[in-house]
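Visitor: show me the folded form of this:
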Amino acid sequence: MTRATPLCVADDCAPGFQLIDGVACIPTDDVICDPCTDSASCSTRSPGSACVEIGDPAIPETVISVCGRDCSPESSFGEACPQGFSCQQTLSEGVILSQCLPDMGHCLCLNQPEGFSIPCHVESPLNPALTCQGRRSCEGGNFGACVLPEEVCDGVDNDCDGVIDNGYRDEQGRYSLNPNHCGRCQLSCAQLSYPNAEATCDQSAEQPRCQMICAPGFIDLENGSDDGCECELIPGEDHPDGEDQNCDGVDGDRAVALFVSKTGDDQATGSLEEPLLTISRALELASGPQAGIRDVYVATGVYSENIVLVDGVSVYGGYALDFKDRDPSEHPTTLFGQPTSGEAKGTVTADGITSATELNGFSIYGANASTPGGNSVAVYLINSGSALQISDNEVIAGNGAPGQRGGGGTSGATGVGGTRGQDAITSSSATCSNQGTAGGEGGARSCGGQSVRGGGGGSGHCPLTQWESGVLGCSSSSPSLCRNSCTEELCDPLPPPQGAGESGSGSASALATGGAPTYDRWSDRGYCDICGLYPNLPHLGNPGADGADGNQGTSGQGCMESAGALNAQLIWESASGLSGGAGLHGTGGGGGSAGSGFDTTVLGAGCYDTIGGSGGGGGLGCC
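Guide: Numbering: from 1, shown residues only. Now for the predicted structure:
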């Protein structure tokens, strides 16, 4: 090229510089290991540099295209390569060129900070469509192995080692190796919380599961996790005191006890699961040789039996039907006494108790006494000391029996009958008014100043007639005007009653009345026909009433020593009551009444007035 005006130009440049358009030298860029798409993108910045594909084909992620650096004799950088690089013959776009390339075969770890890594991928042996993405880190200027992510419990082969959830499942495929994934993924036992306990994974189970492990000194009574381990073990013997110290599910010690329930069976063993039916049977078993029984626990109910305590064996009532709770007020337990016999002297008998023995938590009813003068005994204690404790019981005695009836008192003197009355007599109307039949006398006696004589008999008398006007004294001088009752019309007014017997003497409240009075009859026919007054009126003499019995004597005073005492046979008895008072006197019987008279107003042949027979006297009363 010929210039119009001569000009000085550069025809060569020092190393590290390049000639541009034959005009100027500018610094040459060191593009070694810069990513590129073609050689032009490298040579424009650094003449002679070519775009070369380098990397480890076995590690695909390291194979990339980068710029080399010209190391031919014509290179502006000279033939020397930087440390870690060497001048290598390489094919670029069909031309063999000399390029400075990294000795490690790639450029990724050049000038990178510590920990630099690149993604890497591994196909899963279980599923070729699944790849696991990891990272390769630069180690000593070169890449190490592809580090895959840790396996997580999600049902996927996260680390592409051919095993799903390895580190979580054992050889049998159970999720038993990690407590945070117990039996299945994401089931963490540590998330569960229980009172007095912690949750762990039961790896021995056929299907691993979270289980509750009680803290030291605590027991799970309910076999459930709702309330955790609710029972705290307390050292020492466990007696029924409202607290289950040994955590065996019973207030007390089931290992040294027999159980009694209304749903039990006396042929059973007496265990919690097989209770007995009666307390007596439990005490019988407890007294057997080497029984090792300390207590008898009784469930709520009414037990109709008498029991004899065994030395050293305590009996406790107030348990629920399942024996899990004991509260005598909530679960009443009743001993209902029966008639005593043999060793049983009461509903509860304690004889010769010298070892620690307790009766607690019962309502104890004594049986009603059934023998005369007998007592009701609810609790009978004898020959026992302070080792016997009877506490927190309600004791109710039954009814004692009345004493035997006392013997009869001495009988009073025998009574005496009254005298006989007189027979009826016949008299003419002219002599009738001067005659009569005297009543018999009653028996006479005085008992301690009290008269008990019988009443006198009624006296017969001359019959009375009656005018039609009702005036007495009708006679044969005017028979047509005399009252004639043959028509059965009742006379009005009636003639006065006659011949009543007297009452007997005695207690004023119990007098024996005499016989009732009678009514006279009469006739005006002239032929002695008996017509007279209305037939239903009494004409025959009546007996007096029987004398009343004397009142019974007053009862003797009952026993004054209400507490009673033991007799020589060790039977509790009360003292005798006092004698009763004497009975009162009987009352004399009433006298009989006289029979009625018969009046004839028109005299005919052989017709006479008749005077009724008198009544007999009443007998006297007994003293």
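
Visitor: which element is Leu101 on?
Guide: Using DSSP states H and E, Leu101 falls within strand 95-102.

Visitor: what's in contact with that strand?
Guide: 32-33, 48-50, 52, 54, 68-72, 75, 77, 81-82, 84-92, 110 (CB atoms under 8 Å, 6 or more residues apart in numbering). (Each C-beta comes from the backbone N, C-alpha and C, glycine too.)

Visitor: off-centre distance for that strand?
Guide: 101 Å (CA atoms, centre = their mean, to the nearest Å).

Visitor: list the buried ones in the helix or strand just after it?
Guide: Once strand 95-102 ends, the next helix or strand along the chain (criterion: DSSP H and E) is strand 117-123. By 16 or more other CB atoms under 10 Å, the buried positions in strand 117-123 come out as Ser117, Ile118, Cys120.

Visitor: got TSV for those residues, with pLDDT and distance to Leu97 too?
Guide: Formatted as TSV, those follow (pLDDT from 0 to 100; distance: CB to CB, whole Å):
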residue	pLDDT	distance to Leu97
Ser117	83	32
Ile118	84	27
Cys120	84	31
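
Visitor: below-threshold pLDDT in the stretch 201-350 of the chain: ranges please.
Guide: 225, 290 (pLDDT under 70).

Visitor: and with 90 instead?
Guide: 201-215, 217, 219-233, 243, 249, 288-292, 340-342, 344 (pLDDT under 90).

Visitor: do a quick rundown of the strands in it.
Guide: 209-214, 218-219, 231-232, 257-260, 295-299, 301-303, 307-308, 314-319, 333-336, 348-351 (DSSP state E, counting those that start in this stretch).

Visitor: of all the ones you listed, which one comes closest to Thr371?
Guide: Closest to Thr371 of the strands of the stretch 201-350 of the chain, according to CB to CB: strand 348-351, at 18.0 Å.

Visitor: neighbouring contacts of the closest one?
Guide: 306-309, 335, 343, 345, 357, 359, 364, 378-384, 388, 390.

Visitor: find the residue at the geometric middle of this structure.
Guide: Closest residue to the average C-alpha location of the chain: His331 at 5.3 Å, with CA atoms, centre = their mean.

Visitor: go ahead and confirm that one touches Phe323.
Guide: No. At 9.9 Å, His331 does not count as touching Phe323 under the criterion of CB atoms under 8 Å.

Visitor: anything in contact with each of the two?
Guide: Common contacts of His331 and Phe323 (CB under 8 Å, 6+ apart): Ala299.

Visitor: mind checking the pLDDT average for the strand holding Leu101?
Guide: Strand 95-102 carries an average pLDDT of 90.

Visitor: so where do the helices sit in the stretch 301-450 of the chain?
Guide: Using DSSP state H, counting those that start in this stretch, no helices are assigned anywhere in the stretch 301-450 of the chain.

Visitor: OK, contacts around the closest residue to Ile32 other than its chain neighbours?
Guide: The shortest distance from Ile32 to any non-neighbouring residue, by CB to CB, 6 or more residues apart in numbering, is to Arg69 (4.3 Å). Arg69 makes contacts with Asp30, Val31, Ile32, Ser46, Gly48, Ser49, Ser75, Phe77, Cys81, Phe85, Gln99, Cys100, as judged by CB under 8 Å, 6+ apart.

Visitor: and Arg69, what pLDDT?
Guide: Value for Arg69, per-residue pLDDT: 89.

Visitor: for it, phi and psi?
Guide: phi -140, psi 130 (degrees, to the nearest 10).

Visitor: mind putting the strands of the stretch 201-350 of the chain into CSV with mean neighbour count?
Guide: Formatted as CSV, the strands of the stretch 201-350 of the chain follow (neighbours: other CB atoms under 10 Å):
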stretch, mean neighbour count
strand 209-214, 17
strand 218-219, 17
strand 231-232, 18
strand 257-260, 27
strand 295-299, 26
strand 301-303, 17
strand 307-308, 21
strand 314-319, 26
strand 333-336, 21
strand 348-351, 20
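
Visitor: I'd like those as JSON lines, with distance to Arg445 appended.
Guide: Converted to JSON lines, those look like this (distance: least, CB to CB, whole Å):
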{"stretch": "strand 209-214", "distance to Arg445": "101"}
{"stretch": "strand 218-219", "distance to Arg445": "95"}
{"stretch": "strand 231-232", "distance to Arg445": "92"}
{"stretch": "strand 257-260", "distance to Arg445": "73"}
{"stretch": "strand 295-299", "distance to Arg445": "71"}
{"stretch": "strand 301-303", "distance to Arg445": "63"}
{"stretch": "strand 307-308", "distance to Arg445": "64"}
{"stretch": "strand 314-319", "distance to Arg445": "70"}
{"stretch": "strand 333-336", "distance to Arg445": "59"}
{"stretch": "strand 348-351", "distance to Arg445": "60"}
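
Visitor: looking at these, spot the one closest to Gln435.
Guide: strand 333-336 (83.4 Å).

Visitor: quick one: contacts of the closest one?
Guide: Taking CB under 8 Å, 6+ apart as the rule, strand 333-336 contacts 279, 298-305, 307, 317-319, 347-348, 361-365, 367.

Visitor: redo that, cut-off 10 Å
Guide: Here strand 333-336 makes contact (CB atoms under 10 Å, 6 or more residues apart in numbering) with 260, 262, 279, 298-307, 315-319, 326, 347-348, 359, 361-367, 378-379, 393-396, 398.

Visitor: what strands flank it, and is each parallel or antiparallel?
Guide: strand 301-303 (parallel), strand 363-365 (parallel) (DSSP bridges).
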